[in-house]
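Novice: Let's see this in three dimensions:
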Amino acid sequence: MNAFGRRLDHAALALGAGAVVAAGYAALALPGTLNFIRSGMTGVLVLLIGGVLAMLAAWRHLRFLVIVAGALLVVAAVVQVATLAGGAFFGGDASLMAVCGGLGIGLLAVGAPRRPAESEDPEHP
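Specialist: Numbers count the residues shown, from 1 in each chain. A predicted model of the protein is given here:
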C-alpha cells in the first residue's frame, strides 16, 4: 500500500468514525440539550451500519466497500428528503438528511479514485 492509498483509507476511517459518533449523538439525545441531529432509531441504525462498514473497509483496504457505505448513506439521505413532507421514513428531520448526505458523498469521493500500484507515483503520472 502506497502513501496515496493510505491517505484515502485514513479519510474513509475518519468519515466512518464520524458516522458512528453521529449515530451515538442522535441515539443519546437528552431532553433539554441542543440536538443537532434529530433521528428515529432507524436513522441511527443506518448511520451506525454505514460508519462501521466504512471503518471496516478502511481497515481492510477495500475500496469497493467504501463505495457501498457511501452509497448506503446517500440513498438514506435521498429517502429521508423524499419522505420528509409525509412523515420522514427514518424519523427526525432534515438534519439527518444533511449528515447522511455529507458523510455519504465524502465516502463516495474517497472511494472513487483509483489507487495506484506500489510502483506508481501519484504525484507524477
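Novice: use CA for all of it now, contacts and neighbours both
Specialist: Fine.
Novice: Can you give me the buried ones in the longest helix seen in the chain?
Specialist: For the chain, the longest helix by residue count, based on DSSP state H, is helix 3-27. Buried positions in helix 3-27, judged by neighbour count with 16 or more other C-alpha atoms under 10 Å: 4-5, 8-20, 22-23, 25-27.
Novice: From the contact counts, what lies against the helix or strand of the chain with the lowest mean pLDDT?
Specialist: Lowest on mean pLDDT, DSSP states H and E among the helices and strands of the chain sits helix 3-27, with a mean of 88. Secondary-structure packing of helix 3-27 (3 or more C-alpha pairs under 8 Å, 6 or more residues apart in numbering; DSSP states H and E): helix 41-60, helix 94-111.
Novice: wait, which of those is closest to Gly70?
Specialist: helix 94-111 (4.0 Å; C-alpha to C-alpha).
Novice: Flag the shaky bits of this protein, pLDDT-wise.
Specialist: For the chain, applying pLDDT under 70 flags the ranges 1-4, 30-33, 88, 115-125.
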